[in-house]
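1. have a look; sequence and predicted model below, questions after that.
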Amino acid sequence: ENGGGTNGGRTKGAPREPETCWLDEQNFIKIYGSLSEHEGRVANAVGIKADYVEGRMRSGRKDVTAEHKLQRRVCLRFLHALALKDLVSEVDQSTIVTSFGL
């Protein structure tokens, strides 16, 4: 099926390719730096590497390896999960939008 099953050149429901993952690095670094101890453990458990965030991302270096691109995807997913947590916790939507740059 080639017609209605695609969305912007990709199969509906398929994960985005790493190249298409846009992440506001400065906002992510700010949020990452203010994580609670528990949230920090979760970030580590889902695969976010501090050396990627504090090194490559903070210095603005481009992602050059598949591992870097994967890290960016994990960071983006984690950021979305934090926003969803706030939404479920009934945090004001405008606060969520401002906090997460959505």
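-> In hand now; what should we look at?
2. tell me which residue is most central in this protein.
-> residue 76 (0.9 Å; Cα atoms, centre = their mean).
3. surely it forms part of a helix?
-> Yes - judged by DSSP: H, G, I helix; E, B strand; the rest coil, residue 76 forms part of a helix.
4. so what's it up against?
-> 21, 22, 23 (Cβ atoms under 8 Å, 6 or more residues apart in numbering). Quick note: C-beta positions are derived from backbone N, CA and C, even for glycine.
5. do that again at 7 Å, thanks
-> 21, 23 (Cβ atoms under 7 Å, 6 or more residues apart in numbering).
6. same question, residue 79
-> 28, 31, 100.
7. now with 6 Å, please.
-> Residue 79 is in contact with residue 28, counting by Cβ atoms under 6 Å, 6 or more residues apart in numbering.
8. buried ones in the strand or helix carrying it?
-> According to DSSP states H and E, residue 79 maps onto helix 66-88. For helix 66-88, a neighbour-count test (16 or more other Cβ atoms under 10 Å) marks 71, 72, 73, 74, 75, 76, 78, 79, 82, 83, 86 as buried.
9. what's the following helix or strand after that helix?
-> Assigned by DSSP H and E, the successor of helix 66-88 is helix 93-100.
10. how far off centre is that following helix?
-> Helix 93-100 sits 15 Å away from the centroid of its parent chain (Cα atoms, centre = their mean, to the nearest Å).
11. run through who's touching stretch 33-52.
-> 71, 74, 75, 78.
12. all good on my end, thank you.
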